[in-house]
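Enquirer: Structure, please.
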Amino acid sequence: MELELRHLRTVRAIADAGSLTRAATALGLAQPALSAQLKRIERALGGELFERGRHGVRATALGELVLERTRIVLPAVTELQQEAARFARTPRASACLRLGGTHGPLLGALVDRLADAVPDARVTTCTSWSERQLADQLAEGRLDFALAGTCGSAAPPGAEGLVWREIAVDPVFVMLPEGHARATAPEIALSELADEEWACVPGDGCFGDCFTAACARAGFTPHRMYETDTSSLVHLVQVGRAIGLCRATFPAAPGIVTRPLSGTPLAWRHLLGWHAGTPDADTAATVLAQARAAHTRVAARSDSYTAWLAAHRGS
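Expert: This next block holds a predicted model:
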């Protein structure tokens, strides 16, 4: 019998379970079938891998040697499979750029910039409220680049092998109906909104906790928070149901205004991510440069953000 990867996984499962009975259950096998398979593996390797006892199994010296090799071989094979899947899903030239992003104006602005910067490329997009989901899609080779973000200085979304570069850091603004008592104020203290209900777009990170902490520092506990999609968030603000939390680059919408919070208690860091082994360096540099330029253009279209930048330039 030739040794196969499935045999190494079986040996690993027996060692992890500590007994043939538990290993058989984990592998979905009958114990006699697992025992017979282990004997065939031991014959192929030239000796016993486990000592059987009343309280389970314990690896022999040969078993320890084999297990040590499985700790190297099995992860390496898994990594190979993942890299192969990414390679198979990745266009072999700049014929297609697959972009992912959280909801907001930056993704559309980046697509617009890339249309001029890389005119021969076909650009596709995928949106998600989940930064972790976008990170997973990068790791699996289903996206080439992803626009995501973090609250303040929090770590970027996980997934091994990903590269994240900062595009810009924005203050978090509040979104008010035009008729709100504070709608014309240049800046608003968070404490002035203590009696309001709130709305924001959901996310995986710590933004909700950071908002609650900022409210506590301002001397109050926020009332109800609606976590919903962008269109519903705008509607809730328009009808006066809630105050919205948004990035400073959020575009104007009928019946609402966006205003900065005094002291900038919350910030949002825009990031561009990709897998280290997928796009070439020139493509990554091009997309990053265009993402930064797209952010500048989006920021310039917001009167409230432009005024805030002018007031805080150099601070």
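
Enquirer: Which parts of the stretch 201-315 of the chain are helices?
Expert: In order along the chain, the stretch 201-315 of the chain carries the following helices (DSSP state H, counting those that start in this stretch): 207-217, 230-238, 281-300, 303-312.

Enquirer: Can I take it that residue 100 is in a strand?
Expert: Yes - assessed with DSSP: H, G, I helix; E, B strand; the rest coil, residue 100 lies in a strand.

Enquirer: Let me see the contact set for it.
Expert: By Cβ atoms under 8 Å, 6 or more residues apart in numbering, the contact list for residue 100 reads 125-128, 134, 137-138, 143, 145-147. C-betas here are computed from N, CA, C, even on glycine.

Enquirer: so where do the strands sit in the chain?
Expert: 50-53, 56-59, 96-101, 122-127, 145-151, 162-177, 198-200, 225-227, 243-247, 256-260, 267-275 (DSSP state E).

Enquirer: Output these as TSV; include the columns mean pLDDT.
Expert: Below are those laid out as TSV (pLDDT from 0 to 100):
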stretch	mean pLDDT
strand 50-53	88
strand 56-59	90
strand 96-101	92
strand 122-127	92
strand 145-151	92
strand 162-177	95
strand 198-200	95
strand 225-227	93
strand 243-247	94
strand 256-260	95
strand 267-275	94
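
Enquirer: Residue 119 is nearest to which of the helices of the stretch 201-315 of the chain?
Expert: helix 281-300 (12.1 Å; Cβ to Cβ).

Enquirer: Using CSV, lay out the helices of the stretch 201-315 of the chain together with distance to residue 45, mean pLDDT and mean neighbour count.
Expert: What follows is those, written out as CSV (distance: least, Cβ to Cβ, whole Å; pLDDT from 0 to 100; neighbours: other Cβ atoms under 10 Å):
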stretch, distance to residue 45, mean pLDDT, mean neighbour count
helix 207-217, 52, 93, 15
helix 230-238, 59, 94, 18
helix 281-300, 45, 93, 18
helix 303-312, 66, 91, 14
